[in-house]
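Enquirer: please work out how this folds:
(one chain, ligands or ions: 2)
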Amino acid sequence: MQILFILCVLIGTFLDPTEGEVVEHFWDSPECMKFFYKQKVPDFGATLPDVVHLCQRFLNTYHFATLYSTYHRTAVYSAYVFEPSTGGGREKNWFLEPQLVNHTWSGEMTDGYWLSKDNPGIYLGEKQALDEDYKNSGFDRGHLNPNGHHAVPGRNSTFTLTNIVPKNPKLNQNAWRLHESKITDLFNANCHQAYVLVGAVPSSNNWIIKNNVQRVNIPEYIWNAYCCVDQNGRPILSGAATALNTELNVVEEHNLDEMVDFFQQYSDTPVGELFSGRCKA
Ligand SMILES: *[C@@H]1O[C@H](CO)[C@@H](O)[C@H](O)[C@H]1NC(C)=O
Ligand SMILES: *[C@@H]1O[C@H](CO)[C@@H](O)[C@H](O)[C@H]1NC(C)=O
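Expert: Ligands and ions are numbered 1, 2, ... in the order given. Coordinates of the predicted model:
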């Protein structure tokens with residue numbers, strides 16, 4: 001009976017043409033759930049209008065999960081597990097999510113240049129930001145899930161535009177970059193595994209505008225939060241940070257409870273915990 005059930009699930013998986021990155025809920029894809037500490041997806045953001053759940057697939061492997069607003073054309077957050085980097089350059093392509101153009105398309109992130117060449121006459125940017133939106137915008141293509149927190153090929157997969165937000169160049173290249181490398185050292189020195197959430201709080205009315213069209217929301221804040229565990233999976237460290245997305249270029253550190261209070265200002269519904277058990281032993 002159990003074997004029959006497993007077989008049905010397996011066959012169902014192979015037959016489902018929409019299997020891939022865009023899922024109804026993260027829990028539809030066990031491969032996507034592993035990026036959340038104790039498989040707990042935060043409550044916040046899930047009820048926002050126009051959000052989609054992306055299981056970020058590259059070279060047929062899932063590398064992280066993104067809750068993405070097709071209205072703001074930026075992520076609410078990306079969730080990932082930190083990997084020590086083994087170096088490697090910057091991926092040269094910028095990937096797009098084909099299933100946000102047409103849900104029957106491939107579930108693998110695809111280089112925007114080739115996706116456009118292969119589908120002449122089809123506009124790719126209805127539900128996601130395009131590389132051209134960022135050109136001459138004055139903003140960096142700022143990673144949420146940073147390439148420096150991964151080894152190749154996970155590193156390459158962070159270069160998908162659904163993981164990118166318009167970041168103030170000074171913040172992106174200075175204070176936020178330093179914050180990323182500070183927690184890299186912290187994770188390398190202390191953690192068996194570190195679960196990270198990293199996101200953007202959209203601005204109420206600040207956009208990259210192209211041809212009089214509001215294309216990409218310029219976030220008001222960039223933030224992250226982490227829960228780090230030892231060999232036995234016990235939580236040992238947690239923390240969070242926020243930064244105004246301006247050339248003020250300042251990162252403020254917080255504990256997880258302060259971070260929940262921060263989100264609560266922007267939410268009508270209870271934010272809930274960011275990590276299972278508030279990342280406490
Ligand atoms: C990942 O990016 C590096 C640096 O650009 C590149 O050399 C490498 O070929 C890429 N790997 C894959 C699997 O695409
Ligand atoms: C999606 O792609 C399929 C296969 O190419 C095509 O038949 C269908 O019309 C497309 N759907 C939309 C909404 O464009």
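Enquirer: close to ligand 1: what parts of this protein are there?
Expert: 59, 88-92, 152-153, 156 (Cβ under 6 Å from any ligand atom). For the C-beta atoms, the positions are set from N, CA and C on the backbone; glycine is no exception.
Enquirer: 5 Å - rerun?
Expert: Selection of the chain residues close to ligand 1 by Cβ under 5 Å from any ligand atom yields 89, 91, 153, 156.
Enquirer: secondary structure class for the closest residue to ligand 1 within the stretch 1-150 of the chain?
Expert: Ranked by Cβ to the nearest ligand atom, the top residue of the stretch 1-150 of the chain for proximity to ligand 1 is residue 89, at 3.8 Å. Here residue 89 is recorded as coil under DSSP: H, G, I helix; E, B strand; the rest coil.
Enquirer: and the pLDDT for it?
Expert: Residue 89 is assigned a pLDDT of 85 by the prediction.
Enquirer: the residues of the chain next to ligand 1: which two are farthest apart?
Expert: 89 and 153 (12.7 Å; Cβ to Cβ).
Enquirer: higher neighbour count, those two?
Expert: Set side by side, residue 89 and residue 153 show more neighbours around residue 153, with 13 against 9, by other Cβ atoms under 10 Å.
Enquirer: ok, for that one, nearest residue in space, not its chain neighbours?
Expert: Among residues not flanking residue 153 along the chain, residue 59 sits closest, at 5.5 Å (Cβ to Cβ, 6 or more residues apart in numbering).
Enquirer: what about that neighbour, how many residues nearby?
Expert: Neighbour count of residue 59, defined by other Cβ under 10 Å: 11.
Enquirer: and it, how far from residue 109?
Expert: Per Cβ to Cβ, to the nearest Å, residue 59 is found 9 Å from residue 109.
Enquirer: with residue 64 instead?
Expert: Distance of residue 64 to residue 109, computed by Cβ to Cβ: 11 Å.
Enquirer: residue 177 now?
Expert: According to Cβ to Cβ, residue 177 stands 23 Å off from residue 109.
Enquirer: settle it for me: which of these two has more neighbours?
Expert: Neighbour count, other Cβ under 10 Å: between residue 177 and residue 109, residue 109 has more, with 29 against 16.
Enquirer: contacting residues around whichever strand or helix holds residue 237?
Expert: Assigned by DSSP states H and E, residue 237 belongs to strand 235-244. By Cβ atoms under 8 Å, 6 or more residues apart in numbering, the residues outside strand 235-244 that reach it are 37, 171, 175-176, 179, 183, 186, 190-191, 220-230, 250-256, 258-259, 262, 274-275, 277-281.
Enquirer: any buried residues in it, and which?
Expert: Within strand 235-244, the residues scored as buried using 16 or more other Cβ atoms under 10 Å are 235, 237-244.
Enquirer: same thing with stretch 70-78?
Expert: 72-78.
Enquirer: hey, what's in contact with both of residue 64 and residue 109?
Expert: Taking Cβ under 8 Å, 6+ apart as the criterion, residue 64 and residue 109 both touch 56, 157.
Enquirer: spatially nearest residue to the residue of the stretch 151-281 of the chain found nearest ligand 1 (excluding sequence neighbours)?
Expert: With Cβ to the nearest ligand atom, the shortest gap between the stretch 151-281 of the chain and ligand 1 falls at residue 156, namely 3.8 Å. In space, and not counting its chain neighbours, residue 156 is closest to residue 91: 4.2 Å by Cβ to Cβ, 6+ apart.
Enquirer: what of residue 171?
Expert: Per Cβ to Cβ, 6+ apart, closest to residue 171 is residue 249, 5.2 Å.
Enquirer: follow-up on the earlier one: which of the contacts of strand 235-244 are buried?
Expert: Buried among these (16+ other Cβ under 10 Å): 37, 171, 175-176, 179, 183, 186, 191, 220-229, 251, 254, 256, 259, 262, 274-275, 279.
Enquirer: leaving out the residues flanking it, which one is nearest to the residue nearest the centre of the chain?
Expert: Central residue of the chain (Cα atoms, centre = their mean): residue 78, 2.0 Å from the mean position. Counting by Cβ to Cβ, 6+ apart, residue 78 lies nearest to residue 145, which is 4.1 Å off, once chain neighbours are set aside.
Enquirer: great, nothing more from me.
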